[in-house]
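Student: sequence isn't available, so here's the structure alone:
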């Protein structure tokens, strides 16, 4: 039996078809997203002292629309820091809106009024 080079028998593969064989293949759809979610660092909500709660509450009472503030708050399982302008304060609902994001007073762990 003669030793033949099979690539010579078939001819040259077009580059557009050849490139497709190297495209990424996701055998398990959703796995990268699930792994990214698993890698998120979860933060356990720390309970604040009564003094800290009173200080945050008194600072929130002094806020007015248009003031710039920096808030640290809990959002599900993570701790988020946001800096922005107060859009609206819903005192009766205990919600503050900063940069279009509604934040419940009870989720706030720190508030600083910026100059």
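Tutor: Structure received. Predicted model, so just to flag it, every value in this text is computed and none were measured.
Student: state the helix or strand in which residue 60 lies.
Tutor: If you go by DSSP states H and E, residue 60 is part of helix 50-62.
Student: following element in sequence after that helix, please.
Tutor: strand 68-75.
Student: now that following strand: buried residues?
Tutor: 69, 71, 73-74 (16 or more other Cβ atoms under 10 Å). Glycine gets a C-beta too; all of them are placed from N, C-alpha and C.
Student: mean confidence score for it?
Tutor: Strand 68-75 carries an average pLDDT of 92.
Student: run me through the strand neighbours of it, direction for each.
Tutor: strand 78-90 (antiparallel), strand 108-113 (antiparallel) (DSSP bridges).
Student: using CSV, please lay out those together with mean neighbour count.
Tutor: Output for the strands paired with strand 68-75, formatted as CSV (neighbours: other Cβ atoms under 10 Å):
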stretch, mean neighbour count
strand 78-90, 14
strand 108-113, 17
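Student: understood, closing this out.
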